[in-house]
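S.K.: this is a predicted model, with the sequence first.
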Amino acid sequence: MNASASPLPEGPAPVAATRRWNHALRLLGGFWSGREAPVAWAMLAVLLGLQFGTATLGLWMAEWEKTFFDMLQTRQGDLAASLLRFAGIVGAFAAVGFATSYLSATLALRWRAWLNADYTARWMAWRRYYRIERSGTLDNPDQRIAEDLDLLSRGILGLVTGFTFAVVSLVQFTGLLLSLSAPLTITVLGHALVLPGDMVIWGFVYAVGTSVLVVFVGRPIVARTMRQQHFEADYRFELIHVRRNAEQIAFSRAEPVELGNLAARFSALRRNMHGLILATTNLGVVQGLISQLTPMTPILLMLPRYFAGRMTIGDVMQGRNAFNQMSVALSWFMQSYGSIATQIAIIRRLRAFDAALALPPADAAADLEIGECHEPALHARDLAVRLPSGPLLVTVPDWQVEIGERWVVRGPSGAGKSTLLRVIAGLWPEASGHLAHLPQERMMFLPQRAYFPIGPLRAALAFPASADAFAAADLAAALARFNLAHLEARLDEVAPWTDVLSPGEQQRLAFIRVLLHRPDMLVMDEATSALDAGNAALAYSAVLQALPGLTLISVVHDDALEIHHTHLLHIADGIARRASLRP
Ligand SMILES: Nc1ncnc2c1ncn2[C@@H]1O[C@H](COP(=O)(O)OP(=O)(O)OP(=O)(O)O)[C@@H](O)[C@H]1O
């Protein structure tokens with residue numbers, strides 16, 4: 001017996017449990033240090049350069065405003081040249097804006113594509129998608145892949161570019177505002193204190209004051225937005241549940257129950273949304289007031305010096321511009337906390353996902369010595385299968401399946417028949433003891449509901465081989481053999497076959513797949529449950545005729561199918577034992 005673990009689909013090595021910072025660095029750093037890194041860094045450098053360009057254009061606009069208004073005041077100067085310069089600056093703004101928006105969206109998309117490939121590969125590897133669902137340890141992995149990765153890539157880039165722009169414009173406009181400021185004298189405990197740059201100081205006070213107000217009023221928005229995402233996902237899940245179970249719901253006339261569930265989910269969503277609308281409206285009112293106040297505040301502050309003749313109208317306009325730009329830049333630092341909080345929440349959600357994706361490659365191996373053998377086809381000794389919650393489900397003291405034997409597995413419902421097959425397939429980790437069987441590539445599993453990829457029927461039949469692996473004539477002959485000749489004309493039709501075909505048709509197609517792939521060992525779990533007696537007998541005889549040396553393990557409930565088997569494994573009272581077949 002080969003004691004090594006049976007091979008599983010290839011995939012990246014499991015990720016070790018990560019600490020908070022390690023995780024954030026790995027999450028954010030993979031793309032920026034891998035194969036895509038040179039292009040990504042180059043794009044980021046250009047993007048940051050564009051932030052510098054935008055801030056500089058703002059400075060030029062402020063200077064232009066000064067000369068323009070001075071020209072209006074003195075009624076002297078070249079108006080055409082001034083307007084031409086204005087048009088040039090506006091044109092440059094448009095070009096830089098276009099380049100910024102295109103480049104940042106493209107870079108975010110590249111990053112998302114990288115993250116998407118990384119996450120989907122790890123999710124698929126080692127059947128983690130199945131193991132995560134089975135254990136129920138993580139909700140909505142689909143939302144994490146489809147939404148969170150998008151929000152993360154766009155959000156982080158937005159923060160980086162926003163930060164750069166805020167720093168550059170803060171430096172540039174503070175310098176400009178300083179040149180337009182006068183010293184500010186304040187009296188502290190009877191001492192006169194002279195500070196340079198009154199406009200800079202007032203700008204700072206104004207930005208902090210308005211930001212505190214905005215943060216205070218807008219505080220509920222962050223938490224509510226995050227909760228909203230959660231409620232939206234729950235509601236979508238409920239809708240998908242209706243779609244998936246449409247027929248069962250229709251047969252059971254369960255519309256009132258489903259309508260009630262949908263209404264309950266939606267009302268939770270609606271309650272939160274209502275709070276969000278209120279919070280957003282409050283914030284809108286405050287921001288509206290600030291936006292009215294902001295252009296006037298610096299003018300009012302500079303008015304005394306203007307009337308005293310120490311400032312031109314151009315100086316006032318330039319000062320107003322610099323004051324506004326500086327307070328916008330300062331506010332960014334205080335008001336970006338919402339985006340930062342969102343990104344932290346996303347990173348936290350992805351950390352939970354990463355923890356689930358850190359499942360080791362073969363979690364069945366913990367207490368189960370599992371290996372390959374070639375003779376017999378399967379051997380189980382002291383095999384104990386447990387439920388995930390711990391209790392023992394079934395033990396298999398000693399079971400040997402020789403090559404060519406055909407075993408039927410029987411027992412009452414819930415005895416653990418399907419679970420035993422899951423252990424053989426390596427899908428059930430809660431098991432201990434010894435198990436060996438033919439290599440996985442010589443085995444084939446037929447569950448009750450076969451898997452059909454979305455694509456042409458030809459590909460669904462050939463799966464897991466490629467669509468063109470089998471000659472059209474062979475496919476047509478196989479379809480005819482299973483009373484499915486009417487599907488020959490649809491071989492190239494693309495459809496979600498699991499929804500389109502009847503369960504019985506699907507089960508017969510699965511048998512055709514067995515004939516095409518010719519495994520040495522077939523493990524079936526009620527694979528003929530949807531077939532009438534005639535078609536079930538036909539499926540068995542077709543397979544056994546085509547593959548006379550086939551080793552078979554089959555869970556069936558139908559007594560009539562026992563005759564196709566040579567041995568019986570009976571599960572009762574938690575023990576699986578060989579028993580006699582009915583004569
Ligand atoms: N993912 C799971 N988590 C927890 N318990 C499970 C899980 N899957 C199956 N079980 C439990 O394991 C027990 C055995 O289930 P199993 O499907 O193997 O029974 P079975 O003998 O094949 O039944 P049936 O003849 O009705 O198909 C049942 O009590 C079932 O509820």
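M.R.: It's in.
S.K.: how far away is the closest residue to V286 other than its chain neighbours from the ligand?
M.R.: Sequence neighbours aside, V217 is the residue nearest to V286 in space, at 4.9 Å (criterion: Cβ to Cβ, 6 or more residues apart in numbering). Using the backbone N, CA and C atoms, a C-beta is placed for each residue, glycine as well. Distance of V217 to the ligand, given as Cβ to the nearest ligand atom, to the nearest Å: 48 Å.
S.K.: swap in R265?
M.R.: 24 Å.
S.K.: run the chain-centre distance for the top helix by length along the chain.
M.R.: Longest helix in the chain, counting residues (DSSP state H): helix 255-307. Its chain's C-alpha centre and that of helix 255-307 lie 29 Å apart, by Cα atoms, centre = their mean, to the nearest Å.
S.K.: which other helices and strands contact it?
M.R.: helix 198-244, helix 313-335 (3 or more Cβ pairs under 8 Å, 6 or more residues apart in numbering; DSSP states H and E).
S.K.: out of those helices, which is the most enclosed?
M.R.: The highest mean neighbour count among the helices and strands packed on helix 255-307, using mean count of other Cβ atoms under 10 Å, belongs to helix 313-335: a mean of 22.
S.K.: need the three-state assignment for the most centrally placed residue in the chain.
M.R.: Centroid check for the chain by Cα atoms, centre = their mean gives I145 as the closest residue, at 0.8 Å. When classified by DSSP: H, G, I helix; E, B strand; the rest coil, I145 comes out as helix.
S.K.: from the ligand, how far off is it?
M.R.: Computed as Cβ to the nearest ligand atom, the I145 to the ligand distance reads 23 Å.
S.K.: my guess is that residue contacts N116. True?
M.R.: Yes: the criterion here is Cβ atoms under 8 Å, and I145 meets it with N116 at 6.6 Å.
S.K.: distance of the residue nearest to G411 when sequence neighbours are not counted relative to G414?
M.R.: With Cβ to Cβ, 6+ apart as the criterion, G411 has its nearest non-adjacent residue at 3.4 Å, and that residue is I571. Per Cβ to Cβ, to the nearest Å, I571 is found 10 Å from G414.
S.K.: neighbour-wise, which of these two wins?
M.R.: More neighbours surround I571 than the other of I571 and G414, with 23 against 9 (other Cβ atoms under 10 Å).
S.K.: ok, the residue nearest to L184 when sequence neighbours are not counted - contacts?
M.R.: In this structure, L184 finds its nearest non-sequential neighbour in D198, 3.7 Å apart by Cβ to Cβ, 6+ apart. By Cβ atoms under 8 Å, 6 or more residues apart in numbering, D198 lies in contact with S181, A182, P183, L184, L301.
S.K.: how about a cut-off of 7 Å?
M.R.: Taking Cβ atoms under 7 Å, 6 or more residues apart in numbering, we find D198 in contact with S181, A182, P183, L184.
S.K.: helix or strand for the residue of the stretch 151-300 of the chain found nearest the ligand, which one?
M.R.: Using Cβ to the nearest ligand atom, the closest approach of the stretch 151-300 of the chain to the ligand is made by Q248 at 17.2 Å. Using DSSP states H and E, Q248 maps to helix 246-252.
S.K.: return the alpha-carbon coordinates of that helix using CSV.
M.R.: The C-alpha coordinates for helix 246-252 follow below in CSV (Å, rounded to 0.1, in the frame of the first residue of the first chain):
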residue,chain,number,x,y,z
ALA,A,246,-38.1,27.8,-8.7
GLU,A,247,-39.6,24.5,-9.5
GLN,A,248,-39.7,23.2,-5.9
ILE,A,249,-41.3,26.5,-4.8
ALA,A,250,-43.9,26.3,-7.7
PHE,A,251,-44.8,22.7,-6.9
SER,A,252,-45.1,23.4,-3.2
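S.K.: in it, what counts as buried?
M.R.: Under the neighbour-count criterion of 16 or more other Cβ atoms under 10 Å, helix 246-252 has I249 buried.
S.K.: how far does stretch 576-583 sit from its chain's centre?
M.R.: On the basis of Cα atoms, centre = their mean, stretch 576-583 is displaced by 49 Å from the centre of the chain it belongs to.
S.K.: list the contacts of it.
M.R.: V394, V396, W399, L420, E562, H565, H567, L568, L569, H570.
S.K.: for the ligand, what are the nearby residues on the stretch 251-400 of the chain?
M.R.: Selection of the stretch 251-400 of the chain residues close to the ligand by Cβ under 6 Å from any ligand atom yields L387, P388, L393.
S.K.: okay, and which of these map to strands?
M.R.: Using DSSP state E, the subset of these located in strands is L393.
S.K.: looking at the residues of the stretch 251-400 of the chain next to the ligand, spot the one nearest V286.
M.R.: V286 has its nearest neighbour among those in P388, at 51.6 Å by Cβ to Cβ.
S.K.: now the closest one, what are its backbone angles?
M.R.: The phi and psi values for P388, taken as degrees, to the nearest 10, are phi -60, psi -30.
S.K.: which ones are touching it?
M.R.: Contacts for P388 (Cβ under 7 Å, 6+ apart) come out as S135, E430.
S.K.: returning to what we had before: output the contacts of D198 as a markdown table; include the columns distance to V285, secondary structure and pLDDT.
M.R.: Below are these laid out as a markdown table (distance: Cβ to Cβ, whole Å; DSSP: H, G, I helix; E, B strand; the rest coil; pLDDT from 0 to 100):
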| residue | distance to V285 | secondary structure | pLDDT |
| --- | --- | --- | --- |
| S181 | 32 | coil | 87 |
| A182 | 34 | coil | 83 |
| P183 | 37 | coil | 82 |
| L184 | 32 | strand | 82 |
